[in-house]
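K.L.:
Test case, fold it:
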Amino acid sequence: MKKLILLLSVLFVVSCSPEPILYMLTTSVSPVDTGVVIPSTRQYNEGDTATLIATPAAEYVFDKWTGAEGGSETTIVMSSDKTVVANFIKKKYALTVNIEGEGTVTEKIIKAGAATDYNSGTVVELTATGKTGWEFKEWTGDLESTKNPAEITIDASKTIKAVFVKKQFAVNITIEGEGGGTVAEEVVEGLKVDSKYEYGTELKLTANPSSEWVFKEWKGDVTGTENPLQLTIDETKNVTAVFIENFFIYLPFNGSVNDESINNFEIDSNGVELTSDRHGNENSAYLISNGNSGSSGSGAGDLIFSKQNIFTNSLENYTISFWVNFLSNSGSQMVFGLLGGTPDTNGSGGDAFNYKGNTLSNYRSTHTESTGWDVLARSTYGTLDINKWYNVSLIRDGDNLFYYLNGEKVKTITGLNNYDFENNKTRLKIGNNTYNYKNGEWTSYIEQMKGKIDEVIKVSKVSKS
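P.N.:
Modelled structure (predicted):
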């Protein structure tokens, strides 16, 4: 009986024990497919401790839990249903851009990223911009390319160098006046690479004339008569060195009326003023502004003249050249003359240029006190407008005369009389036809010019045209 009662008691206790309490632990990741949580969603008994491990996918790292605390491995006591999210973020890598030379690099994000450190997988466009005088050459380091812009994918820390080099420019030198000379190039400061010069190089050009030639001027990207000439290379330069056969007379009018030929004739002036030349350079031409076109006058008027006789054998070949800009077309204006004879008379003739009614003429004549003037050759250059620069040239070659205007031949005269005037009594006169040279000065003048004149040249023994 006692055994029966004990068995019933045990059965009662067992049948009255409570059911276990279960809680659901729900796990997930954010963003989707950026990692996994172990274990995944499952039930736990009340009071159980759940251990969670967050494992990131490639190129992601664990950031934090939502619904839990701690690192990528954490524990949770199950006292109720729980929802836990493992948050992952992209790995970040540094992009370091270095500069060689002088320039800048801009970074443009093609695919989402940050300003300094970029999310893994970000595509960055790099654009290299050289400073003034510099140009991009190449990328080196973790990006090897000459493309610009160039793209790079950030899948690790990257170090890149943008290489800039100084621009290089050619200096193209030509010679005007075949056989007249050469030009020497000397680097004052900077660098020559092969046949080009780096940006900013200071270059000295020296024009070296050949025998019986002289350097006249620079043309092209640089102008002027300075020799040697120093220039800064900041772009491709095209420079022409102009050589002409040795001057017998050369009046460049660079601030004075001095003769800069090898003869160094004594030149003087009366009433003329410095003015700007055809290039706009100040004090580089002369203004003859009196403009009195009467047949005679008191005093010399505006004039540039030689103080001594200057002509050689007038039967030799020669060139006469000058630049002129007329300010008036009224009256008869004597522009230029190489006139022979005694100083106080009209002389024995010579070459002269006269401007009247927009027409420029040249005449070669002889004169004697008994027979007066005899014009041997006369020709016009055509219409020359006022307030405009013209280059006038006259070339004698044997018994022929060639007339040039602005470098173009406008007329030829053949069969010129083989005439020679008094060489030892020939003077240069510019601006009017003065006479009566007494006591060291001109006392009368006719046919006063009104205009500008520059770069008067006489060359002896020129080559055939």
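K.L.:
alpha carbons only for contacts and neighbour counts from here, please
P.N.:
OK.
K.L.:
Tell me which helix or strand comes right after the lowest-mean-pLDDT helix or strand in the chain.
P.N.:
Every helix and strand of the chain was ranked by mean pLDDT, DSSP states H and E. The lowest is helix 2-15, at a mean of 50. Reading on from helix 2-15 to the C-terminus, the next helix or strand found by DSSP states H and E is strand 22-30.
K.L.:
Give the partner strands of that following strand in its sheet and their orientations.
P.N.:
Paired neighbours of strand 22-30 in the sheet (DSSP bridges): strand 42-45 (antiparallel), strand 82-90 (parallel).
K.L.:
and it, how far out from the chain's middle?
P.N.:
Distance of strand 22-30 from its chain centroid, counting by Cα atoms, centre = their mean, to the nearest Å, is 73 Å.
K.L.:
ok, and for that strand, which residues are buried?
P.N.:
Leu22, Tyr23, Met24, Leu25, Thr27, Ser28, Val29, Ser30 (16 or more other Cα atoms under 10 Å).
K.L.:
And for stretch 207-224?
P.N.:
Buried residues in stretch 207-224 (16+ other Cα under 10 Å): Ala207, Asn208, Pro209, Ser210, Trp213, Val214, Phe215, Lys216, Glu217, Trp218, Lys219, Val222.
K.L.:
Closest to Val171 out of these?
P.N.:
Val222 (11.4 Å; Cα to Cα).
K.L.:
Report the spatially closest residue to that closest one, excluding sequence-adjacent ones.
P.N.:
Spatial nearest neighbour of Val222, excluding adjacent residues (Cα to Cα, 6 or more residues apart in numbering): Val239 at 6.4 Å.
K.L.:
Show me which positions of stretch 388-398 end up buried.
P.N.:
Trp389, Tyr390, Asn391, Val392, Ser393, Leu394, Ile395, Arg396, Asp397, Gly398.
K.L.:
and the helix or strand harbouring the fourth one, average pLDDT?
P.N.:
Val392 is located in strand 389-397, with elements delineated by DSSP H and E. Strand 389-397 shows a mean pLDDT of 90 in the predicted model.
K.L.:
which other residues reach that strand?
P.N.:
278, 316-326, 384, 401-407, 462-465 (Cα atoms under 8 Å, 6 or more residues apart in numbering).
K.L.:
repeat that with 7 Å
P.N.:
278, 317-325, 401-406, 464 (Cα atoms under 7 Å, 6 or more residues apart in numbering).
K.L.:
Who does that strand pair with, and is each partner parallel or antiparallel?
P.N.:
Here, using DSSP bridges, strand 389-397 pairs with strand 318-326 (antiparallel), strand 400-405 (antiparallel).
K.L.:
Same list (these) but as a markdown table, adding mean neighbour count.
P.N.:
Below are the strands paired with strand 389-397 laid out as a markdown table (neighbours: other Cα atoms under 10 Å):
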| stretch | mean neighbour count |
| --- | --- |
| strand 318-326 | 22 |
| strand 400-405 | 19 |
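K.L.:
Which of the ones you listed comes out lowest on mean pLDDT?
P.N.:
strand 400-405 (a mean of 88).
K.L.:
I'd like the next helix or strand past it.
P.N.:
That would be, after strand 400-405 and using DSSP H and E, strand 408-413.
K.L.:
Now do that following strand: which elements does it pack against?
P.N.:
strand 400-405 (3 or more Cα pairs under 7 Å, 6 or more residues apart in numbering; DSSP states H and E).
K.L.:
mind running it again at 10 Å?
P.N.:
Under the contact definition 3 or more Cα pairs under 10 Å, 6 or more residues apart in numbering; DSSP states H and E, strand 408-413 sits against strand 372-383, strand 389-397, strand 400-405.
K.L.:
Ile89: neighbour count?
P.N.:
Neighbourhood size, Ile89 [other Cα atoms under 10 Å]: 19.
K.L.:
Who are the contact partners of it?
P.N.:
30-31, 34-35, 56-57, 59-64, 119-120 (Cα atoms under 10 Å, 6 or more residues apart in numbering).
K.L.:
at 7 Å instead, please
P.N.:
Going by Cα under 7 Å, 6+ apart, the list of residues near Ile89 reads Tyr60, Val61, Phe62, Asp63.
K.L.:
If it is in a bridge, with which residues?
P.N.:
Val61.
K.L.:
coming back round to it: from Ala170, how far off is the residue nearest to Val222?
P.N.:
Between Val239 and Ala170 the computed distance is 11 Å (Cα to Cα, to the nearest Å).
K.L.:
now swap in Val124 and tell me
P.N.:
36 Å.
K.L.:
How about Phe248?
P.N.:
For Phe248 relative to Ala170 (Cα to Cα), the value is 36 Å.
K.L.:
Of these two, which one has the most company?
P.N.:
Phe248 (23 against 17).
K.L.:
Redo the helices and strands packed on strand 408-413 as a markdown table? Include distance to Phe253.
P.N.:
A markdown table is the format used below for these (distance: least, Cα to Cα, whole Å):
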| stretch | distance to Phe253 |
| --- | --- |
| strand 372-383 | 24 |
| strand 389-397 | 15 |
| strand 400-405 | 21 |
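K.L.:
Ok, which of those comes nearest Gly431?
P.N.:
That would be strand 389-397 among the helices and strands packed on strand 408-413, by Cα to Cα, at 15.1 Å.
K.L.:
Looking at the strand or helix carrying Val183 now, give me its mean pLDDT.
P.N.:
Using DSSP H and E, Val183 falls within strand 181-189. Averaging pLDDT along strand 181-189 yields 95.
K.L.:
State the paired neighbours of that strand in the sheet, together with their directions.
P.N.:
strand 202-209 (antiparallel).
K.L.:
With just CA atoms, put the helix or strand just after the partner strand into CSV.
P.N.:
Next helix or strand after strand 202-209 toward the C-terminus (DSSP H and E): strand 213-220. Only the C-alpha atoms of strand 213-220 are listed here, as CSV (Å, rounded to 0.1, in the frame of the first residue of the first chain):
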residue,chain,number,x,y,z
TRP,A,213,77.2,93.1,-95.2
VAL,A,214,75.7,94.7,-92.2
PHE,A,215,72.9,93.7,-89.9
LYS,A,216,69.8,95.8,-90.4
GLU,A,217,67.0,94.6,-88.1
TRP,A,218,64.9,91.8,-86.6
LYS,A,219,61.5,91.0,-88.0
GLY,A,220,58.8,88.6,-87.0
